[in-house]
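Colleague: Fold the following.
(one chain, ligands or ions: 1)
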Amino acid sequence: MPEKHHNAKLPWAPGSLPLMLAPMQGLTNRGLRSLFIERVRPDVVFTEFVRVKASAKKNITENDRQEVVSTVGKVPLVVQLIGTDTEALLAAANTVQELGAEHLNINLGCPYGRMTSQTAGGALLREPQALARMLAALRREIRGSFSVKVRSGFDDPAQIFSLLPLFADSGIDFLVVHPRTVKQMYKGPADHGVTGAVVRQTPLPVIANGDVFSAAIGHRVLAETGAAGLMLGRGAIAHPLLFERLRGRYPDESTPAGKVDELRDYLQALLARYQTLFCGEHQILCKMKEVLCHVHDPEVVGLARQLKRSKSLAQFGELLTSS
Ligand SMILES: Cc1cc2nc3c(=O)[nH]c(=O)nc-3n(C[C@H](O)[C@H](O)[C@H](O)COP(=O)(O)O)c2cc1C
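Modeller: Residues are numbered from 1 along each chain as shown. Here you go, the predicted model:
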């Protein structure tokens, strides 16, 4: 097995097993991140992807500028960029670093139309040579940690193994692996056999991501893969307490009544933040409903369905407080 190096630039303490909140477009804005940090303190949080346009002079939006500096409680914030044009990505990396960003990540996984047709996100995996040039150029500009979040391949789940030398040679500090192909989107289970094989074949620290919906699954993934840490997406959006459960500080399963109380309490606290962060009833309701798309426990699915149908914030708030 290649020797693992410990890089001082990593956004987590050497030897710890970091639990990270995944980047999720539409969800992991600064309001949700700050709530998670206050309540369950992920070891590392990520921005939603910051889209880097090739042409625009101001190549990242004003809102993204606020997102990338919004750190809370000294929890390391990794800024994720997605884009296709190396020059524009370099300019954006410089901009966010000037604003104070310390940790940068490139999205090599997004499977959705606009990104894949522009050779950004997951589609970059189809062009390994261009990718190598892009990563090397970015590495020269990035002063803090530089990581990639990658799927197992574009359409071949073994493609990642051919990319590992490229990642190590580009000076990447750590990999986040979501072991599904880009083509697969979210179909089928995440194959953490691939994650384990990646861990064994690269000297870089590997963070395992995908389908960790309970503490038991998380512990199994860590044990079976030897990963350096976990990244939690949908499971944490449904249950922020998943972080505490993985640390053994909270029982793995709540009672049915407990689940309803937890959901209400979480959504009330999030709603309060969204009411100060977002403008207008419609936007706030839409943002709240995005969280509900990830709530599936049978004990709360009825409440979630009612909440998703609410037409006003007043109705939404009432459902959260009525018993
Ligand atoms: C609604 C949604 C938005 C997402 N947005 C991003 C994103 O902005 N950047 C990214 O790298 N991955 C994004 N992802 C992928 C997640 O970060 C994660 O890799 C994936 O959901 C698998 O992890 P999970 O099973 O723990 O959710 C998104 C996923 C979902 C469901």
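
Colleague: can you give me the strands in the chain?
Modeller: 19-21, 44-46, 50-51, 77-82, 103-108, 145-153, 174-181, 206-209, 229-232 (DSSP state E).

Colleague: can you tell if stretch 16-32 touches the ligand?
Modeller: Yes - using C-beta under 6 Å from any ligand atom, stretch 16-32 comes into contact with the ligand via Ala22, Pro23, Met24, Gln25, Gly26, Leu27. Just so you know, the C-beta spots here come from the backbone N, C-alpha and C atoms, and that holds for glycine as well.

Colleague: Using CSV, write out the CA atom coordinates for that stretch.
Modeller: C-alpha atoms of stretch 16-32 as CSV (Å, rounded to 0.1, in the frame of the first residue of the first chain):
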residue,chain,number,x,y,z
SER,A,16,-9.0,12.5,13.5
LEU,A,17,-11.7,10.9,11.4
PRO,A,18,-13.5,14.0,10.0
LEU,A,19,-17.3,14.0,9.4
MET,A,20,-18.0,16.5,6.7
LEU,A,21,-21.3,18.0,5.5
ALA,A,22,-21.5,17.5,1.7
PRO,A,23,-21.9,20.3,-0.8
MET,A,24,-25.5,20.3,-1.9
GLN,A,25,-26.9,22.8,-4.3
GLY,A,26,-30.1,24.4,-3.0
LEU,A,27,-29.4,23.2,0.5
THR,A,28,-26.0,23.8,2.1
ASN,A,29,-26.2,27.6,2.0
ARG,A,30,-24.8,29.7,4.9
GLY,A,31,-28.1,29.5,6.8
LEU,A,32,-28.2,25.7,6.9
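
Colleague: quick one on the thing from earlier: pipe the strands of the chain into JSON lines and attach distance to Asp261 and mean pLDDT per row.
Modeller: Listed next are the strands of the chain as JSON lines, based on distance: least, C-beta to C-beta, whole Å; pLDDT from 0 to 100:
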{"stretch": "strand 19-21", "distance to Asp261": "22", "mean pLDDT": "98"}
{"stretch": "strand 44-46", "distance to Asp261": "25", "mean pLDDT": "98"}
{"stretch": "strand 50-51", "distance to Asp261": "35", "mean pLDDT": "93"}
{"stretch": "strand 77-82", "distance to Asp261": "30", "mean pLDDT": "96"}
{"stretch": "strand 103-108", "distance to Asp261": "35", "mean pLDDT": "96"}
{"stretch": "strand 145-153", "distance to Asp261": "34", "mean pLDDT": "97"}
{"stretch": "strand 174-181", "distance to Asp261": "32", "mean pLDDT": "98"}
{"stretch": "strand 206-209", "distance to Asp261": "29", "mean pLDDT": "98"}
{"stretch": "strand 229-232", "distance to Asp261": "22", "mean pLDDT": "98"}
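
Colleague: Around the ligand, which positions in the stretch 201-323 of the chain sit nearby?
Modeller: Contacts of the stretch 201-323 of the chain with the ligand, taken as C-beta under 6 Å from any ligand atom, map to Asn209, Gly210, Asp211, Val212, Leu232, Gly233, Arg234, Gly235.

Colleague: ok, of the residues of stretch 16-32 next to the ligand, which come out buried?
Modeller: Ala22, Pro23, Met24, Gln25, Leu27 (16 or more other C-beta atoms under 10 Å).

Colleague: tell me the contacts of the closest residue to the ligand within the stretch 101-250 of the chain?
Modeller: Residue of the stretch 101-250 of the chain nearest the ligand, by C-beta to the nearest ligand atom: Gly233 (2.6 Å). Contacts for Gly233 were tallied using C-beta atoms under 8 Å, 6 or more residues apart in numbering; they are Ala22, Met24, Asn209, Gly210.

Colleague: what do you get for Gln97?
Modeller: By C-beta under 8 Å, 6+ apart, the residues touching Gln97 are Leu104, Glu141, Ile142, Arg143, Gly144.

Colleague: Mind doing that once more with 7 Å?
Modeller: Arg143 (C-beta atoms under 7 Å, 6 or more residues apart in numbering).

Colleague: What residues of stretch 140-151 count as buried?
Modeller: Buried residues in stretch 140-151 (16+ other C-beta under 10 Å): Ile142, Gly144, Ser145, Phe146, Ser147, Val148, Lys149, Val150, Arg151.

Colleague: Tell me the one of those nearest Leu135?
Modeller: Nearest to Leu135 among the buried residues of stretch 140-151, counting by C-beta to C-beta, is Val148 at 7.3 Å.

Colleague: My guess is the closest one contacts Phe174. True?
Modeller: No - Val148 is beyond contact range of Phe174, at 8.5 Å (criterion: C-beta atoms under 7 Å).

Colleague: Could you export the buried residues of stretch 140-151 as CSV, including distance to the ligand?
Modeller: Formatted as CSV, the buried residues of stretch 140-151 follow (distance: C-beta to the nearest ligand atom, whole Å):
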residue, distance to the ligand
Ile142, 17
Gly144, 18
Ser145, 16
Phe146, 15
Ser147, 11
Val148, 10
Lys149, 4
Val150, 9
Arg151, 8
